[in-house]
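coords below, sequence missing:
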């Protein structure tokens, strides 16, 4: 129909424009180019896939960057699509399926044929229509459920997350969105979605974390929720709460602590150990307009130290030189305190940079000269001994010309002493942002290993443990990730030996997969 033809014409113009920006990094523009095709289940022979690897790997990302003549300017604003890779080691095959996430946000966009209402990282180009005069808060009241960032499983149910209290339910067989996660203690919010009954009066639950963590040795998830004060004389609040990962159906959320703050803190990720929750307070979010809620430009430095919360809600604050972060690698307890390993940087991780803004992302000069680079730093929060109350730190990975982010570890070691993490590295050649690699860093041995291919742009790596032997070691398993082959203009799915970083198998997909967020593996899942 004419609507579809207009969409394709806009897309062709966009591709031609952005390709000129990325000419020296072939195919780079496809990371921010709509992938309109939903791929039915397609299986590929995978002779190199170990027999013990059996399950499904899910990873989502933005895949629709324009709608009805409006282009998303923020990379994270694109409407989400999920990619499922069934890893059938026993059958020596990998099966791929993709589908758009039919969320409330997606359905509203298709129904109206234009950029939908809601909270965005950046305004669209051109600016989307304003809210109606009689409904000035329509963007806050919109579904705001474009949750493609990460996934967890609660009570056997897959939940898609973003930095919001809202969790979206996904049928892992059909890839259909089946609604929002509901809780026994839900109450209606004044403006936004429901939130726990224990939230404070005259406050609105606005922000969460896309990275809840299970407390080691338990089935308990730890999560945070930020409450925005409605009245200026009230404090904002960071709530730390838990829920049961195995509970089926409705359950209550248990609040551990409420930390009152002058500013609305923003925590994309944090750390959890057997006895503590570790919260680096370094960023605040201040919405300048509730009628046109745009996030970029509203994140500001707000250093309040590293807040340590114990099991009963007691809080200790550890000060150190300020830093910004997006992702915590891991945290654990040792003989004298808490260790926190973080991808740190000196610049605001949520500012308008080539990681967030499509225009900068596609401009080679802008991305190559960006100073937004992350290294890896270890902090020791001393709870006892001669340095009790102090914070010491050391650089675990200091490469000023490169950047390392999207870290992953063997999840069996979450919150416990560990040695190995994997991550994406940019500026791998010390010059070009699009020179990318997958890094394996063994902190204990001080060794690094890499996987890379020319003009190939990988997403987040994910470690899947080989549990076929009782004495499984930390890096015994496989590493999986999708990557865009810039020369061939399609994506590949790569399986590496996680110990050696050697290729076990590569699947050539017939389509391109744009930028993706964080993956999740569900073992032993069978899709019919």
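Perfect, I can see it now. Every value quoted in this text rests on a predicted model; they were computed, and no experiment measured them. Numbering: from 1, shown residues only.

what residues are up against residue 50?
89, 466, 478, 504 (C-beta atoms under 8 Å, 6 or more residues apart in numbering). Any C-beta I mention is one placed from the backbone N, CA and C, and that applies to glycine too.

From the contact counts, what lies against the helix or strand where the third one lies?
Taking DSSP states H and E as the criterion, the element that holds residue 478 is strand 477-485. The elements that strand 477-485 packs onto, with contact taken as 3 or more C-beta pairs under 8 Å, 6 or more residues apart in numbering; DSSP states H and E, are strand 79-88, strand 437-442, strand 456-458, strand 462-465, strand 490-497.

Can you pick out the most distant pair from the contacts of residue 50?
466 and 504 (11.7 Å; C-beta to C-beta).

Mean neighbour count and mean pLDDT added to the helices and strands packed on strand 477-485, as a markdown table?
Formatted as a markdown table, those follow (neighbours: other C-beta atoms under 10 Å; pLDDT from 0 to 100):
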| stretch | mean neighbour count | mean pLDDT |
| --- | --- | --- |
| strand 79-88 | 24 | 98 |
| strand 437-442 | 21 | 98 |
| strand 456-458 | 22 | 98 |
| strand 462-465 | 23 | 97 |
| strand 490-497 | 22 | 98 |
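
Which among those is found nearest to residue 118?
strand 79-88 (10.6 Å).

what's the offset of that closest one from the middle of its chain?
In terms of C-alpha atoms, centre = their mean, to the nearest Å, the centre of strand 79-88 is set 15 Å apart from its chain centre.

if we can go back for a sec, compare the contacts of residue 50 and tell me which is most surrounded.
Within the contacts of residue 50, neighbour counts (other C-beta atoms under 10 Å) peak at residue 478, which reaches 24 neighbours.

And that one, how far from residue 432?
28 Å (C-beta to C-beta, to the nearest Å).

And the strands in the stretch 151-300 of the chain?
157-161, 168-170, 177-180, 186-187, 195-196, 203-208, 213-214, 220-229, 236-244, 254-261, 271-272, 276-280, 283-285, 299-301 (DSSP state E, counting those that start in this stretch).

which of the ones you listed is buried the deepest?
strand 271-272 (a mean of 27; mean count of other C-beta atoms under 10 Å).

What pairs with that one, parallel or antiparallel?
Sheet pairing of strand 271-272 (DSSP bridges) gives strand 276-280 (antiparallel).

residues making contact with the partner strand?
222, 224, 238, 240, 256-257, 259, 267, 270-272, 306-311, 323, 325, 328, 331, 333, 338, 340, 342, 381.

first to last residue in stretch 90-106, what's the distance?
37 Å (C-alpha to C-alpha, to the nearest Å).

Next: stretch 272-290.
End-to-end distance of stretch 272-290 (C-alpha to C-alpha): 33 Å.

How far away from the center of its chain is it?
Relative to its parent chain, stretch 272-290 has a centroid offset of 15 Å by C-alpha atoms, centre = their mean.

between the one helix or strand residue 422 maps to and strand 437-442, how big is the angle?
Following DSSP H and E, one finds residue 422 within strand 420-426. For strand 420-426 against strand 437-442, the angle by axes from the mean of the first three to the mean of the last three C-alpha atoms, to 10 degrees is 150 degrees.

Strand 420-426 to strand 477-485, inter-axis angle?
10 degrees.

where does this protein have low pLDDT?
Where the chain drops to pLDDT under 70, the residues are 1-23, 470-471, 525-528.

in it, what residue sits furthest out from the centroid?
residue 386 (38.1 Å; C-alpha atoms, centre = their mean).

and the closest residue in space to residue 385 that isn't next to it in sequence, how many neighbours?
Once flanking residues are discounted, residue 385 sits nearest to residue 336: 4.4 Å by C-beta to C-beta, 6 or more residues apart in numbering. As a burial measure, residue 336 scores 15 neighbours (other C-beta under 10 Å).

element containing the residue farthest from the centre of the chain?
Using DSSP H and E, no helix or strand contains residue 386.

Would you quantify the distance from it to residue 332?
From residue 386 across to residue 332, the span is 21 Å (C-beta to C-beta).

for residue 230, same thing?
38 Å.

From the neighbour counts alone, determine which of these two ranks first.
Neighbours per residue (other C-beta under 10 Å) separate residue 230 from residue 332, with residue 332 holding more: 21 against 13.

Hmm, residue 418 and that one touching each other?
Yes. Residue 332 lies in contact with residue 418 (C-beta atoms under 8 Å); the separation is 7.0 Å.

who touches residue 265 in this structure?
226, 236, 238, 281, 283, 284, 285, 302, 304.

please redo it, this time with the cut-off set to 10 Å
By C-beta atoms under 10 Å, 6 or more residues apart in numbering, the contact list for residue 265 reads 207, 224, 226, 236-238, 259, 279-285, 302, 304, 307.

Kindly report the same for residue 45.
Taking C-beta under 10 Å, 6+ apart, we find residue 45 in contact with 91, 92, 93, 94, 505, 507.

For the residue farthest from the centre of the chain, which residues are in contact?
Taking C-beta under 10 Å, 6+ apart as the test, what residue 386 contacts is residue 336.

Bridge partners for the closest residue in space to residue 496 that isn't next to it in sequence, pull those for me.
Closest residue to residue 496 apart from its sequence neighbours, by C-beta to C-beta, 6+ apart: residue 479 at 4.3 Å. Under DSSP bridges, the beta-bridge partners of residue 479 are residue 463, residue 496.
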